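Q: got a structure for you, letters missing:
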């Protein structure tokens, strides 16, 4: 089992109700899951807990059979470096680094930098003309392509995407989304996509709806 | 207290003379007082009297230049004592002040010197006679034969004086009463000097000849409390006769005068005999002063108009006053000097 | 409407108290140091003026004895009776208080106590026990004299004014006068001085008092510090105001969209800033007063020890001073906000409300051009400029040019580091540091200026110290210095010394005028002491032999520079005596020119002058013995014999005081710069989240990020220090070679103090790291939600 969540509960400090309540979920390697739900339903929180970006109050989050919940911050950071890749809605990139450096960044952090792979990813994502540019010089769609390349370069086992095309127009969104799915599928990694676009969710093999902190 | 005030304080005794200072009349601690029975002794009394509070050697002269232009000059040495004693060195309580002036019909030059007694910077010796402050001197073998010099940044003079008549004692043998209350001074004059010499003026040197009048006076409490100032006249008529008269202005004016015959014989004129009345006024240094007077001495048939040669003869010294030459017209002709004090602005 | 707008405007500060504190504190700190220094300078100047007024220096010509001896009182009377309106002055020391005896009757108006608190009485001043006019503390310090002390607040510090008669009595100098003040108005019949009193000479009034000229360099240092601190403060304010404007663009746009006229808007913002400036100014002036009060005793001690200038140790609150403090605070705010107001005035109604902080990154080219221009101007002025003003303009151009060069140079250095970085984190570290430069540039420039000032001024002061000590070594080559009271005692000293086999170097001097300047002429005996110890700045070959053969003279640097008396130029020493310059020697701390002649020539030219002071060359171990013999056989008092060691010890203790002041100002300016850094980092911290969040999300822990932030601040501090060093040394050079020469007529060599610079650099690193500590700590504790927020919210 690539990912396994058991009875995961999370309450933000100061909030009355938990944002996630006793969530359990399994994901196989190569499986692609779309997570939908209205704003505030806890989709992003679930993603963050899965990626070791935040910690659950109770319950177990295990990736490849390793429980994340007892890990300290450096441990979770190590997980983020090597095992999991996250693509956010925006501001994925490090503004001070070039596109090429951004793509290589996470792979180099993980010690798995493969220049050939990075080059192939850039070529596949149509970024070859932009490698020397800085993120702020790119359009939103181009920035997300860089984020995809950056995420896939260290060959993560699990890709987490939080509204990766939410800031893009529909045509661009479709192109970027298709590329992402295609490349993830090629690597054989698992994918969890958080979105409220029914149209995009429908393209993935498995769908779950989150409502008031519960999976339905 | 600023420096200016310091100077005023310094001149307290002089100020008292000029302004009728109230405190002086009662505060003569330890100083000698003029006495009616004092017999003046010469030449000793030409010298200083350090046991009296104030004293002066006051010379005025009426002169003419080669072109007939009238001139006046003044040379005065004041002595003021902080305490009734003499002394050597800086500790001497005797202070000295010199005033010098030259008056022309168009200009009035004034200067002033101050000095400490006891160090040789200023003083008076009776015989041979010498009165000096800095480089100014009035000196000679005796009081009848003198050289007189003074200098300033803008003028100087150097003249010789020869007395052609006797000393003149005012009042009662030189005891001159100044008020109905009995304030008095010792007062004598030498009004018979012939003068020749040189005035150095900004325009150049001017040789002059003329006459001069020396007043000597010392006291310790010169004015009554209500007296605010005086108008003093020294008049030399072409006849050879002379008249000294003053009015002390107070709650009631007090006058005194001496008629001096051409031979030096004197008639002391008591309060009320000498009558003056201002005829016209002039604005100078922010004050209004009478610069033309009617002078009457019915006893001698004197009814003259006395008019300032230069109405701007203001002495802008530490203690300011008006002092200048006058021209006489009317029943008698002649020239003289007028001094007016106590005209506050 | 006004009220509504104001409340909207002020709301910004309520929500961002940190910005408000930054603005107020920056301005207040800058104003504090500036006005503190000004307060010290004003106090010192008032003291010099009081001294100069009381002593008749400056505005009046003076008459002194040619041989420097006292003038007999009788000569004063002789002068007066020859038509000279002069006034006597006697000076001396009584129980450590400077006694000034004057004659109030002849003193020119304005000499003497200008005001007293009461109780003054002319009769009491002139006669009897006497009266002494002095400040309250001086009156308290006077030994019992029998005279009445009168409080006179405007008398110079540590000075007691009294009648000359009393002064003669208290000082045991009956019949003596030190100098005569010459009244500007003199009678036309005055006789020439030479025919009345041949031993006296008249010296022209000095432009400024000797003391003021000497101490100018010290005050210049203080002023430079104060000005730099203020400029540093302005950098902070500029940053804070710029940020406030950026963050309020949105609100300004909204308000204008709601119909608020632009003019009214700008007027209200200006009024708001003026009010803030005034508040900060008040705080700054109060702080400045505290700084000045704390430093003044050391400053006063320094000035007294170094230059013999008495400065009150007590601070007076002068209206002109605190008003100027307020004015400079408000004016500084205006300068700092002018640009922001201008851009606001030109902002189109529908402009983007996005913060433009990063836009600054693209101003690099403009900065570089301005910087290069200013530095070229500084070089041009250094080469071709003349005069003190040019010197100061050059300093200003150098400093501002250097500061403006900082961001481009830092960017270059960081790019270089980035290119050589191996690991991705290192690469990001360099890149991110470069990204931070625009946001931190103002704070870094402030740090640069503070460090530059520290390097420059401390190099100058330390160089002065070394030079001065070396100079003392050559000048104080004799082991014992003795002064005779009269010629007879001088003869006895020579005789006693000869029996002891001690070499005697007579010190012969007269005052004179050379090339229209007041100078001292010295006669020097040909002795190994001079050959061995004196280092001439420039000289002809075999200069001492030539001097011994009376082929010329030596002149001090002041005379060389002011009167252009270079090697070989003729110097007219006296009528009929004209000799060429053989050598030029350094003569620090002396305001007047000097000429040194062979002593034989001197004695021939000035036969009336006898030496009353002597230097004795003695084996150091025998000093005490020779002292005792001189005391017993020549009747010298202990105070008439000073040994070299104690003079040097005194000079050194004086310098320690100087360093106390310099060090205190060093630390204060660095503290201000550190504060600027802290404030910049705190405000940047919020804006930097988009930089940090992706790195964190990709697997770099917050603690590491925080550590990197600390390291980055230290790196920037180190790079800034690296630039500050050459800039500071250039500043020191400019102060030594341009400003000092123009202002004081001497130039001393520049020494380097690597250890000091190292310590200073370490201090700068510590300041930068300390400034980064709190923001870094906050980062290490930042909740993940806040970091994650970056990816979600529209910013």
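A: Structure received. This is a predicted model, so every value here is computed, not measured.
Q: element containing the nearest residue to residue C:615 once chain neighbours are set aside?
A: If you skip the residues right next to it in sequence, residue C:615 has residue C:478 as its closest partner in space, 3.0 Å away by Cβ to Cβ, 6 or more residues apart in numbering or on different chains. Using the backbone N, CA and C atoms, a C-beta is placed for each residue, glycine as well. Assigned by DSSP states H and E, residue C:478 belongs to no helix or strand.
Q: For residue C:478, give me its contacts.
A: If you count contacts by Cβ atoms under 8 Å, 6 or more residues apart in numbering or on different chains, residue C:478 has them with C:505, C:529, C:615-617, C:644.
Q: quick one: the nearest residue to residue B:300 once chain neighbours are set aside and residue B:170, what's the gap?
A: Leaving aside its chain neighbours, residue B:300 sits nearest to residue B:259 (5.8 Å; criterion: Cβ to Cβ, 6+ apart). Per Cβ to Cβ, to the nearest Å, residue B:259 is found 11 Å from residue B:170.
Q: Looking at these two, which has the bigger crowd around it?
A: residue B:170 (25 against 20; other Cβ atoms under 10 Å in any protein chain shown).
Q: from what I can see that one touches residue B:186, true?
A: No. With contacts counted by Cβ atoms under 8 Å, residue B:170 stays clear of residue B:186, the gap being 9.0 Å.
Q: Summarise which helices and strands the longest helix seen in chain A is packed against.
A: Assignment by DSSP state H gives helix A:170-187 as the longest helix of chain A. With contacts taken as 3 or more Cβ pairs under 8 Å, 6 or more residues apart in numbering or on different chains; DSSP states H and E, helix A:170-187 sits against strand A:32-36, helix A:115-124, helix A:140-152.
Q: Show residues contacting it.
A: By Cβ under 8 Å, 6+ apart, the residues outside helix A:170-187 that reach it are A:30, A:32, A:87, A:121, A:124-125, A:140-141, A:144-145, A:148, A:152, A:155-156, A:159, A:161, A:164-165, A:168, A:191, A:197, A:200, A:203-204.
Q: Pull the contacting residues for residue 135.
A: All of this refers to chain A. A:93-95, A:97, A:99, A:102, A:143, A:146 are the contacts of residue A:135 under Cβ under 8 Å, 6+ apart.
Q: hm, I was asking about chain C
A: C:151-153, C:155, C:157, C:312.
Q: Which stretches in chain A count as helices?
A: A:43-50, A:73-82, A:99-110, A:115-124, A:140-152, A:170-187, A:198-201.
Q: Just send the ones you listed back as TSV, with mean pLDDT and mean neighbour count too.
A: Shown next, in TSV, are the helices of chain A (pLDDT from 0 to 100; neighbours: other Cβ atoms under 10 Å in any protein chain shown):
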stretch	mean pLDDT	mean neighbour count
helix A:43-50	88	25
helix A:73-82	83	19
helix A:99-110	88	24
helix A:115-124	90	16
helix A:140-152	90	25
helix A:170-187	88	16
helix A:198-201	86	15
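Q: got a markdown table for those helices, with distance to residue C:753 too?
A: Formatted as a markdown table, the helices of chain A follow (distance: least, Cβ to Cβ, whole Å):
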| stretch | distance to residue C:753 |
| --- | --- |
| helix A:43-50 | 56 |
| helix A:73-82 | 45 |
| helix A:99-110 | 43 |
| helix A:115-124 | 51 |
| helix A:140-152 | 51 |
| helix A:170-187 | 62 |
| helix A:198-201 | 69 |
